[in-house]
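[1] Quick one, fold the following:
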Amino acid sequence: MFRTVFPVSIFLMLAFLFASPSVFSAQPNTASERREMRLKKFPYIDRAKWMVEYELLPQKNLDNETVIDVMKRVPRHRFVLPAYRRDAYHDRAIAIGESQTISPPYIVCYMTSKLSPKPTDKVLEIGTGSGYQAAVLSLLVDEVYTIEIVESLGKKADNLLRELGFDNVKVKIGDGYKGWAEAAPFDSIIVTCSPESIPEPLIEQLREGGRIIIPLGERYQQAFYLCTKVEGKLVKELLSPALFVPMTGEAEEKRKIQPDPKNPAIIGGDFEEVRKDGSPIGWHYSRNVSILSNQIGDGNIIAAKVPSGKFFARFTSTIPKNTNPKKQQPPEFSQILQGFPVDGKEIKTITINYFARGVDIVPLNGRAQTATGIIMLFDELRDQIAEIPICFVRGNFNWQNFNQTINIPPKTKEAILLIGLPTAFGILDIDNIKISNTKR
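    Next comes the predicted model:
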């Protein structure tokens, strides 16, 4: 009897091919398919969903639904130090060491949205930091290249991104000023640190028609610019004010205007100058703030002449209408910020002085009064060393002068002044903010 010998290995291979034709078709062949497979690895996170709904969307100007969706999936708590994880899903910058910070979630969402990322895009990020921005981009585009000048941060971010499964991100240790020439051209570039002007290598590495979003300006007076490359040159669009850590390396060496930490000062404290979008010059990250003239009065407030010039800032903090009684919605707080340098070895005290009036100001949690400002002090590593509430009020009152003196620890290197109603409901008008200091 004739018997044909059929190798077992061939039999198994044929069985695999004919019984499972879907195995090969299931492999992602397009950028969109690869993106969908990555999204499946990152389900929604309850705390991140809360952050988006109650911390980010009330600030307006976020309309890219794809980016908003991704913000609900990235575990921000993994990108901050354990000591700060309780604050990971609040809209605030957090120190990550080496004089760097993780950007507030709103800023990450805002900057990413402005780039209008597509699944096919190859994006360059300057300033890896913790890796959080790269993680968000990872779920939106095909390839992410990110550069970090601080080696320890870059290696830590690289390891974390790999551990979490963001496998389309490539991390490089180097000076972001020079970009990543061997991987160019890029469809988009996002810069998460602030130079005084746009580095020429980044312009060269951006493809024709591509976009770059970047905070430009002096150390504490910056603004976002969205730039599109047209015929080899950048067409700039001025966006909102910003406050980022400086781009170090070659960019910092070329900076022409340096901060003066021995003479801290407030810019635009009388609110007489505004940008095209109505936001006050000198201030950034405003929420529910309007610049009004001295002709306006509200409720129990008499329309009296403002203390300085023709304009003042109005802060309105309200309780949102709760359509679902089972959900506890936080109030829509109102505030603006301004950073400035402070040399604690030279400056002994800072006195903050301004005029305020209020309508129906009710402190949260049954407090007797609420602060109309907070000053935060940071050391050279940008770790916060103090957070001091200032100038307390409640109820209804016409224009009054408020001032408070703050002791400055010797290790202080910079400060951020927050003005508004961060812990109260009502209407607060502020004008003529000034600071003075005493030397050691």
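[2] Just the pLDDT for the nearest residue in space to Val191 that is not next to it in sequence.
    With C-beta to C-beta, 6 or more residues apart in numbering as the criterion, Val191 has its nearest non-adjacent residue at 4.0 Å, and that residue is Ile214. From N, CA and C alone the C-beta is placed, and that goes for glycine too. We have a pLDDT of 96 for Ile214.
[3] Quick check, Asp158 in contact with Lys172.
    No - applying C-beta atoms under 8 Å as the test, Asp158 and Lys172 come out as separate, 9.0 Å apart.
[4] Which one of the two is surrounded by more residues?
    Shown here are Asp158 and Lys172; by other C-beta atoms under 10 Å, Asp158 has more neighbours (20 against 17).
[5] what's the burial count for the residue nearest to Val191?
    Neighbours of Ile214 (other C-beta under 10 Å): 28.
[6] residues contacting it?
    Ile214 makes contacts with Ile189, Ile190, Val191, Ser194, Pro195, Ile198, Phe224, Tyr225, Cys227, as judged by C-beta atoms under 8 Å, 6 or more residues apart in numbering.
[7] Would you mind measuring from it to Tyr106?
    Distance, Ile214 to Tyr106, using C-beta to C-beta, to the nearest Å: 17 Å.
[8] same deal with Ala134?
    Using C-beta to C-beta, Ala134 is found at 18 Å from Tyr106.
[9] cool, and Pro28?
    32 Å.
[10] the more surrounded of those two?
    Tyr106 (22 against 12).
[11] Check which helix or strand the more buried one maps to.
    In this structure, Tyr106 sits in helix 105-114 according to DSSP states H and E.
[12] hang on, Ser103 packs against Tyr132?
    Yes - if you go by C-beta under 8 Å, Ser103 and Tyr132 touch, sitting 7.5 Å apart.
[13] Which residue of these two possesses the greater neighbour count?
    Ranked by neighbour count (other C-beta under 10 Å), Ser103 and Tyr132 place Tyr132 first, with 26 against 23.
[14] The more buried one: what's it in contact with?
    By C-beta under 8 Å, 6+ apart, Tyr132 lies in contact with Val74, Arg76, Phe79, Ile102, Ser103, Val108.
[15] The single longest helix found in the chain: which residues count as buried?
    Secondary structure of the chain per DSSP state H: the longest helix is helix 151-164. Neighbour counts over helix 151-164 (16 or more other C-beta atoms under 10 Å) mark Leu153, Gly154, Lys156, Ala157, Asp158, Leu160, Leu161, Leu164 as buried.
[16] Excluding covalently adjacent residues, which one is nearest to the most centrally placed residue in the chain?
    Centroid check for the chain by C-alpha atoms, centre = their mean gives Ile107 as the closest residue, at 3.0 Å. Take Ile107 and drop its neighbours on the chain: the residue closest to it by C-beta to C-beta, 6+ apart is Ala242, 7.4 Å away.
[17] surely the one you found meets Tyr220?
    No - at 10.5 Å, Ala242 does not count as touching Tyr220 under the criterion of C-beta under 8 Å.
[18] Common neighbours of these two, please.
    With C-beta under 8 Å, 6+ apart as the test, Ala242 and Tyr220 reach no residue in common.
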